[in-house]
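> The sequence and its predicted three-dimensional model are supplied below.
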Amino acid sequence: MQGLNISLVIGGALLVCASVGTAFAKQAKTEKLYDFDNKVHYYQTKLDDNNYKIEIQSDDYKHFANQSVFLLRHANRLCLNKIFMLKVLDGVQEYESMPTNPRAYQPALSVLLQCEDE
């Protein structure tokens, strides 16, 4: 019976140690948002005070220009008019003035935003 108690104590201690590490780990929360002015659906994840991941959902080809302008203005707003840097991960659409084939599915415009400290 005493061996069982020691096993329970050790198991409980391991469980407490494991949960302490996860309890204090920062969880980045992704929000699904919509900008009514630019008609843009996007996901925003705040990684820390100065870093964000933004994913703008693609729709039609003509709307890509709106998405790009929205991204620059939104980045400026998030960084409170400070200097910022955008790192494009995926989703830049190619331009064809006279396409001959239907456009294939385009991935979301995905960027990392870093706000500079002055």
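Great, that's in hand.
> Let me see the confidence value for Met1.
pLDDT recorded at Met1 is 53.
> If you could redo that for Gly11, that was the one I meant.
So Gly11 comes in at 53 (pLDDT).
> For burial, what's the neighbour tally of Val40?
Counted by other C-beta atoms under 10 Å, the residues lying close to Val40 total 20. (C-beta placed from N, C-alpha, C; glycine too.)
> Ignoring the adjacent residues along the chain, who's closest to it?
Nearest in space to Val40, with sequence neighbours left out and distances taken as C-beta to C-beta, 6 or more residues apart in numbering, is Phe70 at 4.8 Å.
> Which phi and psi values does the one you found adopt?
Per-residue torsions, Phe70: phi -60, psi -40 (degrees, to the nearest 10).
> which residues touch it?
Asp35, Asn38, Val40, Tyr42, Ile56 (C-beta atoms under 8 Å, 6 or more residues apart in numbering).
> ok, and the most crowded of those residues?
Ile56 (25 neighbours).
> and that one, what is it in contact with?
Contacts of Ile56 by C-beta under 8 Å, 6+ apart are Val40, His41, Tyr42, Gln67, Phe70, Leu71, Gly91, Ala108, Leu109, Ser110.
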